[in-house]
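>>> Below are the sequence and a predicted model for it; my questions follow.
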Amino acid sequence: MDLEQIDSEADRQDIAGSLAGDGEAYARLVRRYQDRMAAQMWRFTRDPIVLEQLVQDIFVEAFVSLKGFRGRAPFLHWLRRVGTRVGYRYWKSRALDREQGEALTQAALNRAAVPEDMTPSEAAELLHRLFEKLPPPDRLVLTLFYFEDCDLGEISVRAGWTRTLVKVRLHRARKRLKALLNKAGIGRT
């Protein structure tokens, strides 16, 4: 029996226990997957406090929705879809506060001399700030495609969009990001 099968069997037992009211069974699921979900949610925020809240939101939503888990795919795949929805909702709520994000982005751009002079962490922070200027659907499709290495089919499943819509959004998001990079003076001419 390989590790994937062991995890799946442990997941099945803990899911059944959780549905039967065993709180410790759900706690084992949380412990098993919280680090993976935190890594996924790092794509949605760089704030450790918000990150912790988003991970907690994932597991609360997963607990409430657990009876809808059909087991057709591994539990982690289902949990990643829940995480994608939680992160997307977070971005949508943050879009309402766009003015503050734009001021921070402009300040970060003003401090950044030349991309070649940036450390990797400075470049990542700058990219994260630029992503904050994009509409939530654009951020989601770019994050899933480039940072989570999802193919179009996986993005379609996680986001609940058709493959055609994913292609269109990915194309438009790339154009918007390129325009932001050019406006910041760090795009290719």
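Sure thing, it's come through. Numbering: from 1, shown residues only.
>>> now the helices for this protein?
3-19, 23-41, 48-65, 75-95, 98-111, 120-132, 136-142, 152-159, 163-183 (DSSP state H).
>>> Deepest-packed of these, please.
helix 136-142 (a mean of 22; mean count of other CB atoms under 10 Å). Every residue, glycine included, has its C-beta placed from N, CA and C.
>>> Export only the CA atoms of that one, formatted as PDB.
What follows is helix 136-142 as a C-alpha-only set of coordinates in PDB (Å, rounded to 0.1, in the frame of the first residue of the first chain):
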ATOM      1  CA  PRO A 136     -10.200  39.200  -8.600                       C
ATOM      2  CA  PRO A 137     -11.000  37.000 -11.600                       C
ATOM      3  CA  ASP A 138      -7.700  38.000 -13.200                       C
ATOM      4  CA  ARG A 139      -5.800  37.400 -10.000                       C
ATOM      5  CA  LEU A 140      -7.300  34.000  -9.600                       C
ATOM      6  CA  VAL A 141      -6.700  32.700 -13.100                       C
ATOM      7  CA  LEU A 142      -3.100  34.000 -13.100                       C
END
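>>> who's in contact with it?
By CB atoms under 8 Å, 6 or more residues apart in numbering, the residues outside helix 136-142 that reach it are 84, 87-88, 91-92, 95, 131-132, 134, 155, 159, 166, 169-170, 172-174, 176-177.
>>> and if we set it to 7 Å?
88, 91-92, 95, 131, 155, 159, 166, 169-170, 172-173, 176-177 (CB atoms under 7 Å, 6 or more residues apart in numbering).
>>> same thing with stretch 87-97?
Met41, Phe44, Thr45, Leu54, Pro135, Pro136, Arg139, Leu140.
>>> for the residues you listed, which one is nearest Ser121?
Thr45 (15.5 Å; CB to CB).
>>> Return the residues in contact with the closest one.
Per CB under 7 Å, 6+ apart, neighbours of Thr45: Leu51, Leu54, Tyr90.
>>> got any ranges where this protein has weak pLDDT?
Applying pLDDT under 70 to the chain picks out residues 1-7, 96-116, 187-189.
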